[in-house]
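S.K.: mind folding the following:
(chains A and B)
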Amino acid sequence: EAGVTQFPSHSVIEKGQTVTLRCDPISGHDNLYWYRRVMGKEIKFLLHFVKESKQDESGMPNNRFLAERTGGTYSTLKVQPAELEDSGVYFCASSQSGGLAGSQFFGPGTRLTVL
Amino acid sequence: RKEVEQDPGPFNVPEGATVAFNCTYSNSASQSFFWYRQDCRKEPKLLMSVYSSGNEDGRFTAQLNRASQYISLLIRDSKLSDSATYLCVGEYNYGQNFVFGPGTRLSVLP
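M.R.: Numbering: from 1, shown residues only, chains lettered A, B, ... in the order given. So this is what the prediction gives:
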């Protein structure tokens, strides 16, 4: 069974540019989470989807970040315009509906560098 | 104060040793806790859930003390492959939100 995949694995952009990260969860997983780890800090929750609905986006840093999950399958996280402090590793995770919520499967992450 | 706190380590232990990590949390509203392990430059992977009654999975034992608001992880007979960062994670709002601790780094030495 394929795991959670993320694209791209690395992205280097300049301040002010736009970047879109993609996450493909495990097939059949309704729950999809986005997290971010900036250098030297702990992993921080960004938001949670159940199918295509946002359940909790309290962790989104500001309105430069937009996450979507049209159709309830893959999700995108767009940063526009990117700032230096957005650099970090962005993880996506998914879990089954009705399963133990903490049993999340993480993707390999996208390492974003904003210059 | 951070919601979930851990001693960052590193804990350097010889093979075969027993090592214990603690994690404390400040928000008593958390429903559940988990231990994840993360290898260098890799994604976190679920190690085990933590129950108040304590649970064991092979060489790993986890315990939750709600009265004192701490979680523990005990690793017996450490292997070289146990070297990783161990992340303590609290679940809030019934799976809507998760809070990660900063992680504790373990190095098991030959």
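S.K.: what about the nearest residue to A:Met39 once chain neighbours are set aside, distance to chain B?
M.R.: Using CB to CB, 6 or more residues apart in numbering or on different chains and skipping residues adjacent in sequence, the residue nearest A:Met39 is A:Gly88, 6.6 Å away. Where you see a C-beta, it was placed from the backbone N, CA and C, and this is true even at glycine. Separation of A:Gly88 from chain B (CB to the nearest CB, to the nearest Å): 13 Å.
S.K.: show me the shaky parts of chain A.
M.R.: For chain A, applying pLDDT under 70 flags the ranges A:1, A:97-102.
S.K.: who in it is up against chain B?
M.R.: For chain A, the residues in contact with chain B (CB under 8 Å from any CB of the partner chain) are A:31, A:33, A:35, A:41-45, A:48, A:55-56, A:58-59, A:91, A:95, A:100-109.
S.K.: buried subset of these?
M.R.: A:31, A:33, A:35, A:42-45, A:48, A:55-56, A:59, A:91, A:95, A:101-102, A:104-109 (16 or more other CB atoms under 10 Å in any protein chain shown).
S.K.: the residues you listed in strands, which ones?
M.R.: Members of these lying in strands (criterion: DSSP state E): A:31, A:33, A:35, A:44-45, A:48, A:55-56, A:91, A:95, A:105-106.
S.K.: which of those sits closest to B:Ile71?
M.R.: Distance to B:Ile71 across those (CB to CB) is lowest for A:Phe45, with 17.9 Å.
S.K.: and chain B, which of its residues are near chain A?
M.R.: So far as CB under 8 Å from any CB goes, chain B lies against chain A at B:2, B:4, B:32-34, B:42-46, B:49, B:87, B:89, B:91, B:93-103.
S.K.: please save the CA atoms from stretch A:43-55 in PDB.
M.R.: Extracted in PDB, the C-alpha atoms of stretch A:43-55 (Å, rounded to 0.1, in the frame of the first residue of the first chain):
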ATOM      1  CA  ILE A  43       6.500  20.500  14.800                       C
ATOM      2  CA  LYS A  44       3.400  22.800  14.700                       C
ATOM      3  CA  PHE A  45      -0.100  21.800  13.600                       C
ATOM      4  CA  LEU A  46      -1.400  24.000  10.800                       C
ATOM      5  CA  LEU A  47      -4.800  22.500   9.900                       C
ATOM      6  CA  HIS A  48      -7.000  19.500   9.600                       C
ATOM      7  CA  PHE A  49      -9.400  18.300   6.900                       C
ATOM      8  CA  VAL A  50     -12.000  15.700   7.100                       C
ATOM      9  CA  LYS A  51     -12.600  14.800   3.500                       C
ATOM     10  CA  GLU A  52     -12.900  18.200   1.800                       C
ATOM     11  CA  SER A  53     -14.000  20.100   4.900                       C
ATOM     12  CA  LYS A  54     -11.600  22.100   7.100                       C
ATOM     13  CA  GLN A  55     -12.200  21.100  10.700                       C
END
